[in-house]
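K.L.:
Need a 3D model of the sequence below.
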Amino acid sequence: MKKITLLFFIISIVIPSQVFAKENVNVIVNGKAHDHKIEFDKNDNILFPVRCLAEQFCYSVEWNDSAKMATLHNYDLNIVFRENDHHMYINGVSFDMDLPAKIIDEHLFIPIENISKNIGLKTIYNHSLNTLYIIEESRVLYENEDMGFGFIIPEDCETNCYKILEKHNDKSITINFFDLEGKSLIFSLSCFDLEYWNNEVKNTFPIAYSEIFKNDSWILLCVNVSDLQYDPNDAEQKENYLKLLSSKQEVCDSIYIFK
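P.N.:
The predicted structure is shown next:
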C-alpha cells in the first residue's frame, strides 16, 4: 500500500495538472454573448465557473468554504460539485466526470462539456471560431447536421414557434420557416456552395437577402418574403405572422456553428 501511494505521489509530480486560459474566447449562452472567464486543460477540455453557470440558467448557488463544495438549486434539481472530486451529484445520484472540479483564482470550475448532458445543456466549442456555445437543449429550434449549423428558439416564441421545411439540391439547401399551421411563410434561409453562389447565382438572385454566415466552403443567407403571406382580413393570422416576423432577426443572430 505504501509503494502504491508513493508511486502515485511521484506521478503527480512528474505529470502535473495543467490549466490555462486561451485568449479571446467568445462565450455564447443561448445565442447571447457573455463575458465569462473559461479555462482549458492540456487536452483542451473546457472548465467553466460554477457560479456563472448558475447565474445563466436560473440556479441559486451556495458555497461551503470548509467543504470546498458548491450546491446549485432550481425548481427540481439539486446539484453538488466538490473540489478535486471526479463526480457531480444530482438529487443525490452520483455521475462521473472526466475531470475533477478545480478551484482557480478562488472560483470553482467544472468540466462543462462533460456535465452538460446531465442537466439538459448542449455545449459546443468551435476551434476555428474560438467560440464556446452553451445552449439549453429545449431552446434548439433547428440543426443541420450536414452543414454544421443551428438556431435557437426566440424567447417570445417558445409556445408558438415555426414549422420548418427543407428543400435540397446538389448546390444549395433552402430552409423555409412557416407559421405552425404551414399557411404563412415567414422567411427562408438559403445555404449555397460558395463557388456556385459567387459564379452562378449572386448576380441574378431575385429576392432581397442578408448574409448570416460565410466560410471557405458555403454561405448562409436570410431571404425575405416577396409577397403578402397572410389574409389581411384575418386579424389573428396577421397578428401571429407579424409576431413571428419580428423574431426573424433574433433567429438569425442566434446561429451556432459546430463544424
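K.L.:
quick one: the helices in the protein?
P.N.:
2-14, 50-56, 112-115, 194-196, 235-246, 248-253 (DSSP state H).
K.L.:
quick one: contacts of stretch 140-155?
P.N.:
30-31, 122, 135, 139, 161-162, 164, 173, 175, 191, 213, 218, 220, 247, 250-252, 254-259 (C-beta atoms under 8 Å, 6 or more residues apart in numbering). All C-beta spots, glycine's among them, are computed from the backbone N, C-alpha and C.
K.L.:
Any chance of CSV for the helices of the chain, columns mean neighbour count?
P.N.:
Below are the helices of the chain laid out as CSV (neighbours: other C-beta atoms under 10 Å):
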stretch, mean neighbour count
helix 2-14, 9
helix 50-56, 20
helix 112-115, 21
helix 194-196, 14
helix 235-246, 15
helix 248-253, 18
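K.L.:
and of those, who's closest to residue 208?
P.N.:
helix 248-253 (12.6 Å; C-beta to C-beta).
K.L.:
who's in contact with the closest one?
P.N.:
The contact list for helix 248-253 (C-beta under 8 Å, 6+ apart) reads 31, 141, 151-152, 154-155, 177, 186-187, 210, 212, 222.
K.L.:
repeat for stretch 164-178
P.N.:
141-142, 144, 146-147, 162-163, 182, 184-193, 196, 201, 244, 248, 251.
K.L.:
could you flag which of these are buried?
P.N.:
141-142, 144, 147, 162, 184-193, 201, 244, 248, 251 (16 or more other C-beta atoms under 10 Å).
K.L.:
what's the most distant pair in the contacts of helix 248-253?
P.N.:
By the measure C-beta to C-beta, 155 and 210 form the most distant pair in these, at 21.4 Å.
K.L.:
hmm, back to that, hmm, which of the contacts of stretch 140-155 are the buried ones?
P.N.:
The neighbour count (16+ other C-beta under 10 Å) marks 30-31, 122, 135, 139, 161-162, 173, 175, 191, 218, 220, 247, 250-252, 254-258 as buried among the contacts of stretch 140-155.
K.L.:
nearest spatial neighbour of residue 82, skipping sequence neighbours?
P.N.:
residue 69 (4.7 Å; C-beta to C-beta, 6 or more residues apart in numbering).
K.L.:
swap in residue 35?
P.N.:
The nearest residue in space to residue 35 (C-beta to C-beta, 6+ apart) is residue 27, at 7.4 Å.
K.L.:
just to revisit the earlier point, okay, now the residue nearest to residue 82: neighbour count?
P.N.:
17 (other C-beta atoms under 10 Å).
K.L.:
Now distance to residue 74 and mean pLDDT too, for the helices of the chain, in JSON lines please.
P.N.:
Formatted as JSON lines, the helices of the chain follow (distance: least, C-beta to C-beta, whole Å; pLDDT from 0 to 100):
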{"stretch": "helix 2-14", "distance to residue 74": "36", "mean pLDDT": "36"}
{"stretch": "helix 50-56", "distance to residue 74": "9", "mean pLDDT": "92"}
{"stretch": "helix 112-115", "distance to residue 74": "15", "mean pLDDT": "86"}
{"stretch": "helix 194-196", "distance to residue 74": "43", "mean pLDDT": "96"}
{"stretch": "helix 235-246", "distance to residue 74": "29", "mean pLDDT": "91"}
{"stretch": "helix 248-253", "distance to residue 74": "25", "mean pLDDT": "95"}
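K.L.:
Need those in JSON lines (columns: distance to residue 93).
P.N.:
Listed next are those as JSON lines, based on distance: least, C-beta to C-beta, whole Å:
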{"stretch": "helix 2-14", "distance to residue 93": "28"}
{"stretch": "helix 50-56", "distance to residue 93": "18"}
{"stretch": "helix 112-115", "distance to residue 93": "13"}
{"stretch": "helix 194-196", "distance to residue 93": "48"}
{"stretch": "helix 235-246", "distance to residue 93": "40"}
{"stretch": "helix 248-253", "distance to residue 93": "36"}
